[in-house]
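Undergrad: based on what follows, work out the 3D shape:
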Amino acid sequence: MGDSSLGQICLMNHVQLPSGEKVAALGQGTWRTGEDPRRRQEEIATLRLGIELGATLIDTAEMYAEGGAEELLGEAIEGRREEVFLVSKVYPHNASMQGAVAACERSLKRLKTERIDLYLLHWRGNVPLAETMEAFLALQRAGKIRYFGVSNFDRSDMEELRSVPGGEGTAADQVLYNLSRRGIELNLVPWAREHKIPLMAYSPLEQGRLMRDERLSGFARRTGRTPAQTALGWLLAKPDVIVIPKSASRERLKQNMAILKCPLSKQEVEELEQLFPRPKEARALEML
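TA: Presented below is the predicted three-dimensional model:
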């Protein structure tokens, strides 16, 4: 990957799905959203501001606040649905043929929409992948979802998925990926690039823990960015990676989005990767 690739990804601010459709590289997450009624209006206002600033891909799940995040998001995007690329996820225990269809219908109702743009299996459970793919294909034919994918799938899981009828249609894999969680670069990342399947990086700030790491905060001070901007900028310099931070406030969201105007240079990316070296040996996929 040359210098131009690094700069181009940051400047273009989009990632291409296997279908050719382009989505925002820097989106919005909703984990822990909808849990505290006192924060509801600020959470809605933050999501709406994110849409205005270009973070039009928004990720949620039926698991988050047991449907509460989807309900809040449905309110936030009301009247603006066509501007948003909507991602949601189904529980593994709901991923059977009948279960996934019913779960999707419930999510659609909470989100106040007729379709989900990208529907993911949240993690692998006991339901056979072939049955889940059958359900996803049925939902796609019915127009309930546009694309389908998975979350928390390692390379071996993805290889197995590709062998299942319909599995070759997988549009994305959402995984834990940040400066302190680089293990996927040894096996999953090269495989995903080879098969042109984008990765979605959840917990890009390690649920806030990275912000307290002196290696990151020191680098951020030297380069005139916040620690969050730096961590997000490192991921945005990676090709075919969608980043979905959750912002707790409008002010924090504006700070995070500002990284699009000051992307990391190739030299800065390399320095960060020396500060946060990836593992020398492959390990099992990490999850949060």
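
Undergrad: find the residue at the geometric middle of the protein.
TA: Against the mean C-alpha coordinate of the chain, by C-alpha atoms, centre = their mean, the closest residue is residue 200 at 3.6 Å.

Undergrad: for that one, helix, strand, or coil?
TA: strand (DSSP: H, G, I helix; E, B strand; the rest coil).

Undergrad: any idea how far residue 96 is from it?
TA: According to C-beta to C-beta, to the nearest Å, residue 200 stands 24 Å off from residue 96. Where C-beta positions appear, they are placed from N, C-alpha and C, glycine not excepted.

Undergrad: is the nearest residue to residue 53 once chain neighbours are set aside in a helix, a strand, or coil?
TA: For residue 53, ignoring the flanking residues on the chain, the nearest one in space by C-beta to C-beta, 6 or more residues apart in numbering is residue 257 at 4.8 Å. Under the three-state scheme (three-state DSSP), residue 257 adopts helix.

Undergrad: by contact count, what packs against the helix ranked longest in the chain?
TA: Using DSSP state H to define each element, the chain has its longest helix at helix 97-111. Under the contact definition 3 or more C-beta pairs under 8 Å, 6 or more residues apart in numbering; DSSP states H and E, helix 97-111 sits against helix 68-76, strand 85-90, strand 116-121, helix 129-141.

Undergrad: so how far is the very next helix or strand once past the longest one off the chain centroid?
TA: Translated: helix 129-141. Following helix 129-141 in sequence order, the next helix or strand is strand 145-151 (DSSP states H and E). Here strand 145-151 is found 12 Å from its chain centre; the criterion is C-alpha atoms, centre = their mean, to the nearest Å.

Undergrad: circling back to that earlier point, element containing the nearest residue to the residue nearest to the centre of the chain once chain neighbours are set aside, please.
TA: Leaving out its chain neighbours, the residue that sits closest to residue 200 by C-beta to C-beta, 6+ apart is residue 174, at 3.8 Å. Remark: residue 174 resides in strand 173-176, with elements defined by DSSP H and E.
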